[in-house]
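# here is my input; please provide its structure:
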Amino acid sequence: MSDKQSAVISVKNLEKIYTGGVHAVKGVSFDVFPKQVVVIIGS
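All right, here's what the predicted structure looks like:
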């Protein structure tokens with residue numbers, strides 16, 4: 001994105017571990033900028 005725009009959401013090293021030690025997400029990082037759409041889908 002443009003250097004002039006700031007992220008409205010910034011996620012760094014997201015991690016989700018369920019009971020029993022199952023890693024659903026590990027080390028995910030992303031930025032969301034204005035007018036950008038982000039979808040995270042899991043199963």
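
# tell me which stretches of the chain form strands.
9-18, 22-32 (DSSP state E).

# can you give me the angle the first one makes with strand 22-32?
This means strand 9-18. In terms of direction (axes from the mean of the first three to the mean of the last three Cα atoms, to 10 degrees), strand 9-18 departs from strand 22-32 by 180 degrees.

# re the thing from before, any chance of the strands of the chain in a markdown table, with distance to V38 and mean pLDDT too?
Using the backbone N, CA and C atoms, a C-beta is placed for each residue, glycine as well. Below are these laid out as a markdown table (distance: least, Cβ to Cβ, whole Å; pLDDT from 0 to 100):
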| stretch | distance to V38 | mean pLDDT |
| --- | --- | --- |
| strand 9-18 | 8 | 95 |
| strand 22-32 | 5 | 92 |
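
# mean neighbour count added to these, as a markdown table?
Below are the strands of the chain laid out as a markdown table (neighbours: other Cβ atoms under 10 Å):
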| stretch | mean neighbour count |
| --- | --- |
| strand 9-18 | 10 |
| strand 22-32 | 11 |
